[in-house]
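Q: Got a sequence here, can you build the structure:
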Amino acid sequence: MQTKKIALLLLIIFTAFCLAGCAASGGAQVTDGDIEIEEDEIPEAEPLPPVSLLISAAGDVMAHLSQIYAQHDRATDTYDFNNNYAYVKKYIQESDLAMFNLETTFSGPPYTGYPLFSAPDAMAPALKAAGFDVAVFSNNHVADKGIAGFRRTLQDLSDNNFMTTGGRLSAEWEPRFVIAEVKGVNIAILAYTYASSSSSGRLLVNGLPIPADSEDLINYFRYDHLDTDLERIRETAAEARNAGADIVILYYHWGSEYQLSSNSWQRTIAERSVKDIGADIIFGAHPHTLQEVGFIANERTGMQVPVFYSMGNFISNQRRETLPTTPNNKHTETGIIAQVRIEFDLEERKLLNVSAGAIPTWVDRHSVAGRHVYAIIPLDDDLEENETLKRSGQLARAKTAKEDALKVLGL
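A: Got it, this is the predicted structure:
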């Protein structure tokens with residue numbers, strides 16, 4: 001018994017000695033063989049540097065019947081739209097995030113143009129190859145071929161690896177927004193089209209009634225229910241923020257056709273989208289002509305929010321030859337690639353700077369062997385060297401379009 005007491009006493013003394021030694025050393029040690037690393041010597045992680053992002057957007061991508069005919073290969077009975085984007089793809093591909101408004105459907109044959117659009121599926125891979133990441137599908141033509149065509153279009157876009165926003169396949173499991181992660185920044189894109197209600201309360205998109213069980217698949221707002229619908233948009237933007245969105249982009253299908261400046265509805269919605277909803281960037285489409293670019297102060301971020309009221313037609317068959325009695329018909333040939341550059345602090349998760357610009361574009365249409373050829377021409381410094389313009393002889397017309405576009409944009 002005495003021997004056990006002595007052994008226990010020695011163990012207590014040895015333990016106390018070890019603890020005193022650790023305290024004297026100034027901290028615990030991690031030992032691996034002969035290497036000893038003090039815990040308080042482990043270097044802190046370097047702060048993440050701010051990132052710069054280029055976000056681009058285009059307006060209406062349309063598919064009139066003459067465009068569809070032009071892209072058809074009779075020998076193989078196939079369609080190829082890649083040549084339409086050959087000159088602008090470098091600007092789209094240099095973007096960190098690029099989006100466009102699809103103002104047709106992929107509802108399958110027979111293919112149709114205005115007023116009820118259905119284009120060949122081959123448009124989707126051509127747009128993807130051009131460099132677009134996000135397809136906006138919320139406009140007045142989404143239901144041209146019914147809900148079946150609406151669903152088929154969204155599925156086709158998904159099959160071609162597009163993120164989609166503005167419409168959804170399921171109200172149960174799919175949110176009303178999409179979040180793109182770019183260089184560590186989470187960017188939410190929310191898209192909405194104008195709509196109306198019938199006397200019985202049915203939702204109408206371009207005058208077409210939407211089945212009651214499908215109304216919730218389409219993102220919409222109504223001018224005569226604006227308070228209610230903007231509140232729903234605010235709630236959706238808040239959901240996107242709660243899901244991790246650092247930046248919120250709103251893409252609206254709004255305004256009056258063929259007008260070169262925004263109307264009071266557009267300006268009201270833009271103002272409330274910044275002040276009440278907290279939008280960081282606003283893109284607009286539908287008028288088929290360019291409209292001015294404005295800026296609205298965001299008190300939350302301290303930034304000036306760029307508002308592109310209308311980005312015009314990116315590609316269509318609308319032009320002065322086909323719309324002889326339409327006001328501003330020559331302006332339907334012109335669009336832009338809207339460009340927003342943001343600087344973002346990854347450590348503080350906040351915007352540091354926002355700037356906006358645009359590359360004007362013009363649709364060249366000329367005939368070769370009796371068939372139309374369509375190409376989107378960037379109205380840049382290389383304009384005079386453009387091979388298509390040399391072939392079509394329409395350089396002067398493109399130069400005039402550039403002057404008109406810069407005047408309308410006000411940038």
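
Q: where along the protein do the helices fall?
A: 2-24, 65-70, 89-93, 123-130, 146-159, 226-242, 264-275, 387-392, 395-409 (DSSP state H).

Q: any idea which of those helices is most buried?
A: Neighbour counts (mean count of other Cβ atoms under 10 Å) averaged over each of the helices of the chain peak at helix 123-130, with a mean of 20. Glycine gets a C-beta too; all of them are placed from N, C-alpha and C.

Q: outside of that helix, which residues touch it?
A: The contact list for helix 123-130, computed with Cβ atoms under 8 Å, 6 or more residues apart in numbering, reads 61, 63, 79-82, 84-85, 88-89, 92-93, 100, 102, 104, 106, 135, 156-157, 159-162.

Q: before we move on, what about stretch 161-168?
A: Residues from elsewhere that reach stretch 161-168 (Cβ under 8 Å, 6+ apart): 124, 127-128, 132-139, 142, 150, 153-154, 157-158, 174-178, 180, 189-193, 217-219, 251.

Q: Buried ones among those residues?
A: Neighbour-count burial (16 or more other Cβ atoms under 10 Å) applied to these gives 124, 127, 132-139, 142, 150, 153-154, 157, 176-178, 180, 189-193, 217-219, 251.

Q: Inside strands: which ones of those?
A: In strands, judged by DSSP state E, the following of these are found: V134, A135, V136, V178, A180, I189, L190, A191, Y192, T193, Y251.

Q: returning to what we had before: closest one to E46 among the helices of the chain?
A: Across the helices of the chain, E46 has its closest neighbour in helix 226-242 (28.0 Å, Cβ to Cβ).

Q: C-alpha coordinates for that closest one, PDB please?
A: The C-alpha coordinates for helix 226-242 follow below in PDB (Å, rounded to 0.1, in the frame of the first residue of the first chain):
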ATOM      1  CA  LEU A 226     -48.200  47.900 -60.200                       C
ATOM      2  CA  ASP A 227     -48.100  48.300 -56.400                       C
ATOM      3  CA  THR A 228     -49.000  44.700 -55.800                       C
ATOM      4  CA  ASP A 229     -46.700  43.300 -58.500                       C
ATOM      5  CA  LEU A 230     -43.700  45.400 -57.500                       C
ATOM      6  CA  GLU A 231     -44.100  44.100 -54.000                       C
ATOM      7  CA  ARG A 232     -44.000  40.600 -55.300                       C
ATOM      8  CA  ILE A 233     -40.800  41.500 -57.200                       C
ATOM      9  CA  ARG A 234     -39.400  43.000 -54.000                       C
ATOM     10  CA  GLU A 235     -40.100  39.800 -52.100                       C
ATOM     11  CA  THR A 236     -38.400  37.700 -54.900                       C
ATOM     12  CA  ALA A 237     -35.300  40.000 -54.800                       C
ATOM     13  CA  ALA A 238     -35.200  39.500 -51.000                       C
ATOM     14  CA  GLU A 239     -35.300  35.700 -51.600                       C
ATOM     15  CA  ALA A 240     -32.400  36.000 -53.900                       C
ATOM     16  CA  ARG A 241     -30.400  38.000 -51.400                       C
ATOM     17  CA  ASN A 242     -31.200  35.400 -48.700                       C
END
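
Q: That one vs helix 264-275, what angle?
A: 30 degrees (axes from the mean of the first three to the mean of the last three Cα atoms, to 10 degrees).

Q: So which elements touch helix 226-242?
A: strand 185-197, strand 220-222, strand 247-253, helix 264-275 (3 or more Cβ pairs under 8 Å, 6 or more residues apart in numbering; DSSP states H and E).

Q: Redo the ones you listed as a markdown table? Include distance to T322 and mean pLDDT.
A: Shown next, in a markdown table, are those (distance: least, Cβ to Cβ, whole Å; pLDDT from 0 to 100):
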| stretch | distance to T322 | mean pLDDT |
| --- | --- | --- |
| strand 185-197 | 24 | 98 |
| strand 220-222 | 29 | 98 |
| strand 247-253 | 22 | 98 |
| helix 264-275 | 26 | 98 |
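
Q: Using JSON lines, lay out those together with distance to L406.
A: Below are the helices and strands packed on helix 226-242 laid out as JSON lines (distance: least, Cβ to Cβ, whole Å):
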{"stretch": "strand 185-197", "distance to L406": "27"}
{"stretch": "strand 220-222", "distance to L406": "31"}
{"stretch": "strand 247-253", "distance to L406": "23"}
{"stretch": "helix 264-275", "distance to L406": "21"}
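
Q: P47: which of these is closest?
A: strand 185-197 (15.9 Å).

Q: so how far is the closest one from its chain's centroid?
A: 10 Å (Cα atoms, centre = their mean, to the nearest Å).

Q: Tabulate the CA atom coordinates of it in CSV.
A: Extracted in CSV, the C-alpha atoms of strand 185-197 (Å, rounded to 0.1, in the frame of the first residue of the first chain):
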residue,chain,number,x,y,z
VAL,A,185,-19.5,37.0,-56.8
ASN,A,186,-23.1,35.7,-56.7
ILE,A,187,-25.2,37.6,-59.3
ALA,A,188,-29.0,37.2,-59.3
ILE,A,189,-30.9,37.9,-62.5
LEU,A,190,-34.7,38.5,-62.3
ALA,A,191,-36.7,39.1,-65.5
TYR,A,192,-40.3,40.3,-65.8
THR,A,193,-42.6,41.1,-68.7
TYR,A,194,-45.6,43.4,-68.9
ALA,A,195,-48.9,41.5,-68.9
SER,A,196,-52.6,42.3,-68.3
SER,A,197,-55.7,40.8,-66.8
